[in-house]
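Asks: here is a sequence with its predicted model. Questions after.
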Amino acid sequence: MGRNKIVKLDNMLQYLKKLRNNLQVLKIEENDFKNLADKNSKDKDYRNKTIATLGSLKYLDYKIITDKEREQAKDDQKEMTLGDAGEAEGDKNNDEDEQN
């Protein structure tokens, strides 16, 4: 999947995850989402996001995925998910405060 015009990393990962396959090797470098990484901080660490989402991967962009890297990716994604949930709760509370 390298050298395609994939712009949205999340869309691609969700599509691959829905296939419910045993994908072990994936090359996604040289796609447009990497060029946009500076503009969108959520895609800055595409490797962690990809490893955490596609648990069966053994190689990503010709580099082996170590057990340590896999655990770190899972932990990072959990933190991001919890952070996003906290931000959403904070936004909800701010909206309620503004109404009062």
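Replies: Great, that's in hand.
Asks: could you use CA atoms for every contact and neighbour count after this?
Replies: Will do.
Asks: any idea which helix or strand comes after the helix or strand bottoming out on mean pLDDT in the chain?
Replies: Using mean pLDDT, DSSP states H and E, helix 32-35 stands out as the lowest-scoring helix or strand of the chain, at a mean of 66. Remark: after helix 32-35, the chain's next helix or strand is helix 46-53, criterion DSSP states H and E.
Asks: tell me the helix or strand right after that following helix.
Replies: Elements were assigned by DSSP H and E; along the chain past helix 46-53, the next helix or strand is strand 59-60.
Asks: paired strands for whichever helix or strand comes after that next one, with orientation please.
Replies: Past strand 59-60, further along toward the C-terminus, the next helix or strand under DSSP H and E is strand 63-64. Paired strands of strand 63-64, with direction, are strand 59-60 (antiparallel) (DSSP bridges).
Asks: for the partner strand, what does the pLDDT average out to?
Replies: Across strand 59-60, pLDDT averages out at 94.
Asks: could you list the low-pLDDT ranges of the chain?
Replies: Across the chain, the ranges flagged by pLDDT under 70 are 1-5, 34-44, 83-100.
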